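In: only geometry, no sequence info:
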Ligand code: AGP
């Protein structure tokens, strides 16, 4: 997740470029930078690294530098490869300093390209994957290719989901951009043409907006925008109709951040999975900072987290135990350190925290370090307090989450933790390589399956509206369906303010079933996992006591479907991956019910996005 922008034309200005970047801030704010071609043909770079104030600093640094602007590129960074430093901030240049690039996404094969380029004499000045693009372009330009041809040829050599914009000071008015499975649009206005990650960045400045397709190359120049396929054949631009005002645009056209973030889950999961397999098809978690030998010595794992992060950790417990046969204990962070946990140097404590700043989890991790355990954090925020303090870190790449109720970071957390579980199995040789790669391939199908689940939005909205007035909700599931039930209940509580409880379905008969009557609505997670039959029996037990039943079931599973008053269908997947899909209809249900009740879904009462008190 990064934001990219470029502009050219007689009306183009550095101020507009920086303003556009500010509107892309939601895509990341570890650093910000611009590269501008001046009338004298030089490419000037200005970069700012000041945490969340990076864009403000960039605005100050560029304030008096508008004169002589011909064309330029801008970037706001959400770091993935290379720490948050000035050297790693974009734009990146080739050896000559005449070619500049801004990039969003990951170049998965950057290591092999970098070593090839270094052998050819290219000198790198950053630790980023992006810089290989600038040097690749330089190499192709030297062979006599035009910038458009160089971008096209480079793209065919780059693996991974990404978009980038390039500029060559020797042809100063022209920008060339391309994309694959990452957002990119172009826009045109009076005397100005743009390329950007999304429409809000250039809204009010461009009059028309156009799509760029995967593996297409767009040439943006003062005379207009021209689109080409990977073979260099011209493609007609297709216009996007835009009816947003600026405020709506900050939310990407969505009514609120929560719905935007729910719908961003395919890319949140995809980005989290990308770049974590090496050329040999093995899982490679290079950024993690714990070497395989250390991981082989581990004989026990604790997982700690709060709220939604705790639920992601619960899914991981099932996967790690099943795939590695290592014992896993799970704790709510605020309980962990006060219960005198038994751990030593051979224990790994995994902290799960979207923000990396939750005080309860920070304290739990500190306690673990004090007791001599190794610590690993799964966080969405690069350089967060927990990420800095832990021995190891695994980042989710969901992009900034604004809505207080966590959605996309939850499915990204589960995805990252499942990758970690498979990595542990690989390192400890508790699974065959073929089994691991089969599951990993299935994980890569999740983003598409999430898209499929999201198409049920309108149907789920209807069910939610029909339940305005219901006073009590219960969510039941077994095995990995249990954390899904807990998360479904938490989402509903957070934004609808209604009583909602999650239970292991088999536990109902030991007490909670006494609450069931015809006023209750029970959600059953009955996708086809190992305990499907038993869960179905538990659903029957509440159905015969008059509860209204809503089921999360697999598509076409007529046996399950017959038992529900309403059904939320999800595609089938590997049983241990199912929570990534099963939780999404429950997020949508909570969202629509809360809206129907007139609640502010982005800022629910009494809650804060990051809880920094004990
Ligand atoms: C999720 O919807 C909640 N806002 C909350 O439970 C959250 O997951 C919890 O506070 C933990 O936050 P963290 O992931 O940033 O540590």
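Out: All right, it came through fine. Note that the structure is a prediction, hence the values are computed from the model and not measured. Numbering: from 1, shown residues only.

In: ok, now which ones touch the residue in the chain positioned nearest to the ligand?
Out: Taking Cβ to the nearest ligand atom, the ligand has its nearest neighbour within the chain at residue 307, 1.8 Å off. To be clear about C-beta, it is placed using only N, CA and C from the backbone, and glycine gets the same treatment. Each residue near residue 307 by Cβ atoms under 8 Å, 6 or more residues apart in numbering is listed here: 406, 490.

In: model confidence over the host helix or strand of residue 484, on average?
Out: Assigned by DSSP states H and E, residue 484 belongs to helix 481-496. Per-residue pLDDT values over helix 481-496 give a mean of 98.

In: Stretch 596-614 too?
Out: On average, stretch 596-614 scores 83.

In: Can you point out the buried residues in that stretch?
Out: Across stretch 596-614, burial judged by 16 or more other Cβ atoms under 10 Å covers 596, 599, 601, 602, 603, 604, 611.

In: quick one: contacts of that stretch?
Out: By Cβ under 8 Å, 6+ apart, stretch 596-614 touches 256-259, 306, 334, 355, 357-360, 363, 401-405, 464-465, 468, 494-497, 591, 594-595.

In: Mark which of those residues are part of strands, please.
Out: Residues of these located in strands (DSSP state E): none.

In: Going C-terminal from the helix holding residue 484, what's the next secondary structure element?
Out: Criterion used, DSSP H and E; the element after helix 481-496 is strand 500-504.

In: Would you point out which residue is most central in this structure?
Out: The residue lying closest to the centre of the chain (Cα atoms, centre = their mean) is residue 398, at 1.7 Å.

In: correct me, but that one touches residue 415?
Out: No - using Cβ atoms under 8 Å, residue 398 is not in contact with residue 415, being 9.3 Å away.

In: Overlap in contacts, the two.
Out: In contact with both residue 398 and residue 415: residue 272, using Cβ under 8 Å, 6+ apart.

In: I'd like to know which of the contacts of stretch 596-614 are buried.
Out: Counted by 16+ other Cβ under 10 Å, the contacts of stretch 596-614 give 256-259, 306, 334, 355, 357-360, 363, 401-405, 464, 494-496, 591, 594-595 as buried.

In: picking that back up, switch the buried residues of stretch 596-614 over to CSV; also include distance to residue 232 and secondary structure.
Out: Output for the buried residues of stretch 596-614, formatted as CSV (distance: Cβ to Cβ, whole Å; DSSP: H, G, I helix; E, B strand; the rest coil):
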residue, distance to residue 232, secondary structure
596, 52, helix
599, 53, coil
601, 47, coil
602, 45, coil
603, 49, coil
604, 52, coil
611, 54, coil
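
In: Can you tell me which of those residues is closest to residue 312?
Out: Nearest to residue 312 among those, counting by Cβ to Cβ, is residue 611 at 16.4 Å.

In: Next, count neighbours for residue 362.
Out: Residue 362 has 22 neighbours, counted by other Cβ atoms under 10 Å.

In: quick one: contacts for it?
Out: 385, 386, 389 are the contacts of residue 362 under Cβ under 8 Å, 6+ apart.

In: what's the first one in contact with, if anything?
Out: Which is residue 385. Contacts of residue 385 by Cβ under 8 Å, 6+ apart are 356, 357, 362.

In: Okay, the last one and residue 196: tell me how far apart.
Out: When Cβ to Cβ, to the nearest Å is the yardstick, residue 362 and residue 196 sit 37 Å from each other.

In: follow-up on the earlier one: contacting the ligand as well, which ones from the buried residues of stretch 596-614?
Out: residue 611 (Cβ under 6 Å from any ligand atom).

In: which two from the buried residues of stretch 596-614 end up farthest apart in space?
Out: It's 596 and 611 that sit farthest apart of the buried residues of stretch 596-614, by Cβ to Cβ, at 27.5 Å.

In: pretty sure residue 473 is touching residue 523, no?
Out: Yes - with contact defined as Cβ under 8 Å, residue 473 counts as touching residue 523 (6.9 Å).

In: between these two, which one's more packed in?
Out: residue 523 (29 against 25).

In: quick one: secondary structure of that one?
Out: Here residue 523 is recorded as strand under DSSP: H, G, I helix; E, B strand; the rest coil.

In: was I right about it contacting residue 467?
Out: No - in this structure residue 523 lies outside contact range of residue 467 using Cβ under 8 Å: 10.7 Å.

In: For my notes, please list the contacts of residue 362 in a markdown table and give pLDDT for each entry.
Out: Output for the contacts of residue 362, formatted as a markdown table (pLDDT from 0 to 100):
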| residue | pLDDT |
| --- | --- |
| 385 | 79 |
| 386 | 89 |
| 389 | 88 |
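
In: Which parts of the protein belong to which domain?
Out: According to automatic domain parsing, the chain comprises the domains 3-242, 257-444, 453-596.

In: gap between the two ends of the shortest one?
Out: The first and last residues of domain 453-596 sit 21 Å apart, counting by Cα to Cα, to the nearest Å.

In: Repeat that for the first one.
Out: From the first residue to the last, domain 3-242 extends over 20 Å; the measure is Cα to Cα.

In: picking up where we left off before, distance to residue 251 added to the domains of the chain, as a markdown table?
Out: Formatted as a markdown table, the domains of the chain follow (distance: least, Cβ to Cβ, whole Å):
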| stretch | distance to residue 251 |
| --- | --- |
| domain 3-242 | 9 |
| domain 257-444 | 5 |
| domain 453-596 | 14 |
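
In: Low-confidence stretches in this protein?
Out: By pLDDT under 70, the weakly predicted segments of the chain are 1, 26, 243-249, 383, 612-614.

In: Give the next helix or strand downstream of the helix or strand containing residue 378.
Out: Assessed by DSSP H and E, residue 378 sits inside strand 374-379. Proceeding N to C from strand 374-379, the next assigned helix or strand is helix 385-389, under DSSP H and E.

In: List the buried residues of that next one.
Out: Going by neighbour count (16+ other Cβ under 10 Å), the buried part of helix 385-389 is 385, 386, 387, 389.
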